[in-house]
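Participant: Have a look at this fold, sequence not included:
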């Protein structure tokens with residue numbers, strides 16, 4: 001039995017559905033929501049959650065920012081990775097590859113590193129440097 005969410009079936013009433021897209025990175029198909037214009041803000045949900053967690057907040061932030069909200073590997077509509085990748089360090093590394101694919105570059109010294117993720121169940125959003133991605137929209 002496959003109990004994974006399927007966007008075409010389960011995403012009909014997903015918050016911010018119109019902002020959803022799928023991006024290939026780290027060998028996975030990622031569900032990512034992108035909305036708004038301005039400096040880029042990355043919202044990363046905790047384990048066991050999804051982009052659904054930031055439905056209303058993303059809309060508010062999109063009034064002044066480009067908001068990027070991915071489903072982490074194995075969460076929401078993003079593919080389930082190999083079991084050895086289902087760790088905080090594995091997800092952080094894969095998230096870094098997603099940001100590379102989106103041409104987004106964090107300004108801080110840490111993105112969602114294992115030590116940050118281990119200390120916080122909901123890592124704070126990070127403002128990212130503008131890139132070709134946000135300028136081409």
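Facilitator: Great, that's in hand. Here the structure is a predicted model, which means the values were calculated and not measured.
Participant: and the most centrally placed residue in the chain, what is it in contact with?
Facilitator: Central residue of the chain (C-alpha atoms, centre = their mean): residue 70, 1.7 Å from the mean position. With contact taken as C-beta atoms under 8 Å, 6 or more residues apart in numbering, residue 70 is in contact with 30-33, 44, 51, 78, 95, 98. Where C-beta positions appear, they are placed from N, C-alpha and C, glycine not excepted.
Participant: next one: phi and psi at it?
Facilitator: phi -90, psi 150 (degrees, to the nearest 10).
Participant: what about the nearest residue to it once chain neighbours are set aside, which SS state?
Facilitator: Once flanking residues are discounted, residue 70 sits nearest to residue 32: 4.5 Å by C-beta to C-beta, 6 or more residues apart in numbering. Secondary structure for residue 32, judged by DSSP: H, G, I helix; E, B strand; the rest coil, is strand.
Participant: With residue 79 instead?
Facilitator: Classified using three-state DSSP, residue 79 is coil.
Participant: List the buried residues in stretch 5-12.
Facilitator: Of the residues in stretch 5-12, 5, 11 count as buried by neighbour count, 16 or more other C-beta atoms under 10 Å.
Participant: Apologies, that question was intended for stretch 42-56.
Facilitator: Applying 16+ other C-beta under 10 Å to stretch 42-56 flags 42-45, 49-54 as buried.
Participant: related to what we said a few turns ago, closest to residue 10 among the contacts of residue 70?
Facilitator: Residue 10 has its nearest neighbour among the contacts of residue 70 in residue 31, at 11.0 Å by C-beta to C-beta.
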